[in-house]
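Novice: Here's a sequence, model it:
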Amino acid sequence: MRCDMRNYKDKSISSFNSQAKNYDVDSNGAHARNLYKPLIKKLKNLNFNTILDVGCGTGSILFLLLYEKENIKAYGLDISEEMLNVAKEKLKDKAILTLGDSENMPYKDEFFDVVICTDSFHHYPNPLNVLKEIHRTLKERGVLIICDYWTYFPKRQFMNLFIPFSKDGDVRIYSQKEICNLLQRANFKDINWNMINKRTYMVIASK
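Specialist: From the prediction side, this is the model:
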């Protein structure tokens, strides 16, 4: 039997709470670490004042970004309290970090210039709801960047058969078509998809 929506989130919380202490150095965080460099490079070339990292984890991306853009206002949201504890120790008072759900974010409408979501989108049981919530919090012409795991068909299809039974709260590995369709349904435009390495895509869209 497939897990219900709440179980996916509970599994993610449990998994990331247990991984938090060593996530920055062990194999659990290896895929995420491989996308930091291309993402920071992309962000360095954007002009913005406010940024939200949805599923910010241990805060590594915000930490690296603030080294490059020290005058921005940085925010992070995560469902795992232990991940946030690591992020708070790392970032101190340089970012505003919040424990919360990406489907119901505690931010005003049109608040952020940029929202990023890295290696967490495949954990969301209601991805369209998350995208609509991100769209709500972005300013007009604001930018969303999603980076996440990708693999080819039919391997992707085979993995998706078993992902619902994962103890880590994974939901689905998306194809390019699926991601772009979700973004369009959430009223994003100017959608641009690229592979940044053999196992990771980056998709950029604007409000």
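Novice: In the strand ranked longest in the chain, which of the residues would be classed as buried?
Specialist: In the chain, taking DSSP state E as the definition, the longest strand is strand 138-149. With burial defined by 16 or more other CB atoms under 10 Å, the residues of strand 138-149 counted as buried are 138-139, 142-149. Every residue, glycine included, has its C-beta placed from N, CA and C.
Novice: Same list (the residues you listed) but as CSV, adding distance to L65.
Specialist: As requested, the buried residues of strand 138-149 are exported to CSV (distance: CB to CB, whole Å):
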residue, distance to L65
L138, 17
K139, 18
G142, 16
V143, 14
L144, 16
I145, 12
I146, 16
C147, 13
D148, 18
Y149, 21
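Novice: about what we covered before: partners of the longest strand of the chain in the sheet?
Specialist: Applying DSSP bridges, strand 138-149 is found paired with strand 112-118 (parallel), strand 200-206 (antiparallel).
Novice: I'd like the next helix or strand past it.
Specialist: Where DSSP states H and E defines the elements, the next helix or strand beyond strand 138-149 is helix 155-162.
Novice: what is the mean pLDDT for that next one?
Specialist: Summarised as a single mean, pLDDT over helix 155-162 is 91.
Novice: Give me the angle between that helix and strand 138-149.
Specialist: 90 degrees (axes from the mean of the first three to the mean of the last three CA atoms, to 10 degrees).
Novice: what's in contact with helix 155-162?
Specialist: For helix 155-162, contacts defined as CB atoms under 8 Å, 6 or more residues apart in numbering pick out 150-151, 172-173, 175.
Novice: What of stretch 170-181?
Specialist: For stretch 170-181, contacts defined as CB under 8 Å, 6+ apart pick out 8, 121-125, 127, 146, 148-151, 153, 156, 159-160, 163-164, 182, 191, 193, 201, 203.
Novice: Endpoint to endpoint, that stretch covers what distance?
Specialist: 20 Å (CA to CA, to the nearest Å).
Novice: Show me which residues of that stretch are buried.
Specialist: Going by 16+ other CB under 10 Å, stretch 170-181 has these buried residues: 170-175, 179-180.
Novice: Kindly report the same for stretch 74-86.
Specialist: Under the neighbour-count criterion of 16+ other CB under 10 Å, stretch 74-86 has 74-80, 82-86 buried.
Novice: Which of those residues fall in strands?
Specialist: Reading strands off those with DSSP E, I get 74-78.
Novice: Take the residues you listed and lay them out in JSON lines including pLDDT and distance to A30.
Specialist: Below are those laid out as JSON lines (pLDDT from 0 to 100; distance: CB to CB, whole Å):
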{"residue": "A74", "pLDDT": "99", "distance to A30": "24"}
{"residue": "Y75", "pLDDT": "99", "distance to A30": "26"}
{"residue": "G76", "pLDDT": "99", "distance to A30": "21"}
{"residue": "L77", "pLDDT": "99", "distance to A30": "23"}
{"residue": "D78", "pLDDT": "98", "distance to A30": "19"}
